[in-house]
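Asks: sequence unavailable; structure follows:
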C-alpha cells in the first residue's frame, strides 16, 4: 500500500514538504488540510499589498494555489480543520467545512500549523477592530480598511517587523499611524542604540511613535494606555508571533522553546514519523547552541523541505540558525544576524559591541547616505557573535556577509581580510562591514 | 637614528602604509614621492566625475590630500619622480620638478607605483586623442572633453570595467559611445553567458557595441578596425591595467604574475625591507593557490596596510584573493568572485556551472526585475569555486555572500543551508544565491 502523508497547514511550513516527498515517492498519497481558503501564500507580502505596491490583489501573494498543488498530485482540502491528532492510532480527526468529522489515517504526519500574533490578555483584546497580520483572511480585512476610503487612524501595538511595516503601509494610504511600544526603542530584535536609528526614520516619515508607553486595554475606537486614551479606527497587533502548537500539545508531543513543537535536526517531533516545520516549531541557534523559537518564512521553507526529504526516505538535516532578519522601513534598511549585544550578555558571553558610521556609496557621490554597522564580538577570542546594520539603500542585504562569516565561525580579523566587492556606487573602498571589523580590532 | 621610510607613489598602494607605520613608529621619518600632483585619490571615481554625478570637481576624488598627509607627519613631495632604486646602497634616485636629481637613502622602501592602462603596440597608439583612465591628470583631460560642449564621438577600445563605465558616462553627457572588443561578449572577467547579459544592458541603453571586431590602428579622428574605420573624437583605453613595475625590474627585484612585483604574504619583495603593494604587485589566488595580478583598489589599500604594519615592526599578512569585483553599468549590476567556468577549466578543475533566473525583490512586487546568478562548483566534492551575478538593483553586493562562502571553503550544500536574510523588497523567500545552490545540488 502506498505511503500516506497527511499535511496539516496549507502554507510553507506544511506545503513546502510536498515537492521533496513527491520527488522521492511518486506513489505517496498526500492529503493536505488547510482550515482557511489559501495555500502557499506570503504573509510577509501583506504590508506591501496594503501599501498599494502590489497590483492584482490577494491572489498575487499566492505562490502556489490549491489547484496547482492538486495538479501536482496533492489532495488539498480547503476549509478542513485538523481538530485532534492521535499519534498512537495514527489518525487525524478532521472537521469538514460542513462541520462533519472524519478520521484521516497517516503513515507520516507533517505539522505546519504556523504561528499566531501575540495577543496580550488585556480588556477588550478580542474586539473586532483589532487585527493580526498573519494570513490572507487578515489581508482581506486590512485591504478593506484602506479601501473604504477616508482617512483612518491606525494604532500599531508593539513594534515587531510586520507591525512597523503596516504602520508605514497605512501612511502610504493616507491614514495616520501611531506605534505604541513599552520599550525605550522600537524593534526589540536590535540593540537600543540601533533601534534609535529606526525610531528616527519612523518619526521623520511622520509615524507617531510613543515609546515607553504601556497599552492597558481597548474599547471600541480607543486604545487605553499608561499615558491616556488614543483614538483608533483600527488596531494592528505588532507584538510578534507565537507558535501555534495547541494541536501538537494536546496530542502529547514534546514542546520546546516558547511552547513551540520540539523537533530534532531532521524536523521529527517526539513522536516517530510525526514531523513539524515553520512558525509552530523550534530551531537550534548556531551561536548559543540553545533551542529558540524564531518565526521566519525562510525557516518554514527550509525546514519543510528537510522534513519532506526525510518523509520521502532521504536524509537531510536543518542547519542551525542565526536569526538573520531584514526589513525596509521608511528611509531605512534594517538588518540583524547572530546575537545582539544584549543577547550575547544574556547568554553569558564576554562581548564587545562596536558601531561605525560609513556610507552606502563612495562618499563623493552626490546621493551617498549613511550606513551604520554594529558588530558584536567575543573578547579574548575575537570571534564574531553578531551584527546589526541600519542605513540607506544597500544596507540590509549587507548583513548576509556577516551571516556567512558567523556560519563559518570567523573572527574579526578574518572578517577584515574578506575579499568583499567594491565599486563607488556601492561603498567606499573599505566596505562598511570591513570598516567595522577594522575598528573592532582596535578595541579588542 | 630614526627609521627612514621612503614611499614611491602617492596613491593607495603607497600612502595607505603611512598610517600603520606612524601608529607603530611615531618617530619614523616618512618621505613620499609622487610624480603627479595628487595623493590618495579614487581612480575608480573618474567615470562618475565625468558622468556628472559628483559635484566639486577633481578634488572631490581625493580622500587625503598632500597637505593632510603632511599634517600627519609625512614629507610628501609632489612632482618628484623616483628614477632608480639601488637596493644594495639603499637609496632612491629622485628627479625634482626642476629636473635636478638627488639621492634619498632609506631603511625601508615602500613601492606603490600602481598600474598603467594596457596600450597595445598598434600604429598611432600614442596619438593624443587616446586616453587612459588611471589618475587625476587623466580625469582632468576627460572632464575637458565633456566640458568643451557639443556632442563628441567616443570610442572605447576593449571592455574592462572602467572602459565600460566611461562609455556610459559619456552617454550621460550627450556623447555617442562605441565599444569595440575582439571577444564574443564584453567584460572578459565573466563567462560569455553572463557577458551576454551585460551586452544587452549596454545596447538597450544605446551604447554601440561592436563585438568580435579587432582594432588595427589609429589616425587622428579615426579608429581603424577589422570592419573598417570608425570616426572618433576621443578614444578610451579599456583593455585593463598592467603593473607599473619597470622601476622595480630595473632594480633587480624579482617579478611574478604578468610582470608584476613578486611579494610574499607580508608584502616584502625579493629584497629585504623593500615592500610593494597595489596594482604594481601580485596577489595569491585563494582557489588556485597561484600568484595572480588583479589590480583592484581594495587590494591596494589592504596590501599597503599590511606592509605598513610590517614596516612599523608589527606582523601582518595579506589574505589570498578571490578577484571579487562589481560594477553598475546602465541598468545592470554586475558581480563576480572566485573562478569563472572558463577559469576553473583552465585551472584543470572538474567544474560544473549553473545559471538561475530569479528576481531582485519578491516577484509579486510591481518593480521586481530579473537577477541571474551563476555558480561554479567542483564536481565530486561540490566545493564552491566561483560565482557571477548580473541583474537589477541589489544584485552586485549579493556576490559578497559567495565571496565569504569561498573564503570559508564551503560546498554547495553549505551555501544552501546559509541563514540569508529575506524580506519582500530584497528577494523571494529563497535568496537567489540559495536558489542557485539548490539547483546546483540537483546537478551535482
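Replies: Perfect, thanks for sending it. The shown structure was predicted, so the numbers you read here are calculated from the model rather than taken from an experiment. Numbering: from 1, shown residues only, chains lettered A, B, ... in the order given.
Asks: is the host helix or strand of residue A:242 in proximity to chain B?
Replies: Using DSSP states H and E, the element containing residue A:242 is strand A:241-243. No: figure legend: strand A:241-243 not in contact with chain B (CB under 8 Å from any CB of the partner chain); closest approach 15.0 Å. Where you see a C-beta, it was placed from the backbone N, CA and C, and this is true even at glycine.
Asks: what about residue A:179, which helix or strand?
Replies: For residue A:179, the element it lies in under DSSP H and E is strand A:176-181.
Asks: what do you get for residue A:140?
Replies: With DSSP H and E as criterion, residue A:140 is part of helix A:136-147.
Asks: please apply the same query to residue A:279.
Replies: Going by DSSP H and E, residue A:279 is not part of any helix or strand.
Asks: report how many residues lie close to it.
Replies: 29 (other CB atoms under 10 Å in any protein chain shown).
Asks: wait, it touches residue A:241, no?
Replies: Yes: look at residue A:279 against residue A:241 with CB atoms under 8 Å: they come within range, at 6.0 Å.
Asks: list residues touching both of the two?
Replies: Taking CB atoms under 8 Å, 6 or more residues apart in numbering or on different chains as the criterion, residue A:279 and residue A:241 both touch A:115, A:295.
Asks: partners of the strand holding residue A:179 in the sheet?
Replies: If you go by DSSP bridges, strand A:176-181 pairs up with strand A:153-157 (parallel), strand A:208-211 (parallel).
Asks: pull out the buried residues from it.
Replies: Within strand A:176-181, the residues that count as buried by 16 or more other CB atoms under 10 Å in any protein chain shown are A:176, A:177, A:178, A:179, A:180, A:181.
Asks: over to residue A:67: give its phi and psi.
Replies: Backbone torsions of residue A:67, given as degrees, to the nearest 10, read phi -60, psi -40.
Asks: my bad, residue A:199
Replies: With angles defined as degrees, to the nearest 10, residue A:199 sits at phi -60, psi -40.
Asks: for residue B:286, see how far away it is.
Replies: Using CB to CB, to the nearest Å, we find residue A:199 at a distance of 42 Å from residue B:286.
Asks: count the residues that sit near residue A:132.
Replies: Residues lying near residue A:132 (other CB under 10 Å) number 22.
Asks: okay, and the beta partners of the residue lying closest to residue A:339 once chain neighbours are set aside?
Replies: Among residues not flanking residue A:339 along the chain, residue A:386 sits closest, at 3.9 Å (CB to CB, 6 or more residues apart in numbering or on different chains). Applying DSSP bridges to residue A:386 yields these beta-bridge partners: residue A:338, residue A:376.
Asks: got the contact list for residue A:386?
Replies: So residue A:386 contacts A:287, A:322, A:336-341, A:343-344, A:375-376, A:402, A:406 (CB under 8 Å, 6+ apart).
Asks: just the buried ones from the residues you listed, in ChimeraX syntax?
Replies: What follows is the ChimeraX syntax for the buried subset of the contacts of residue A:386, where burial is set by 16+ other CB under 10 Å:
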select /A:287,322,336,337,338,339,340,341,343,344,375,376,402,406
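Asks: including pLDDT, could the contacts of residue A:386 go into JSON lines?
Replies: As requested, the contacts of residue A:386 are exported to JSON lines (pLDDT from 0 to 100):
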{"residue": "A:287", "pLDDT": "98"}
{"residue": "A:322", "pLDDT": "98"}
{"residue": "A:336", "pLDDT": "98"}
{"residue": "A:337", "pLDDT": "98"}
{"residue": "A:338", "pLDDT": "98"}
{"residue": "A:339", "pLDDT": "98"}
{"residue": "A:340", "pLDDT": "98"}
{"residue": "A:341", "pLDDT": "98"}
{"residue": "A:343", "pLDDT": "97"}
{"residue": "A:344", "pLDDT": "98"}
{"residue": "A:375", "pLDDT": "98"}
{"residue": "A:376", "pLDDT": "98"}
{"residue": "A:402", "pLDDT": "98"}
{"residue": "A:406", "pLDDT": "98"}
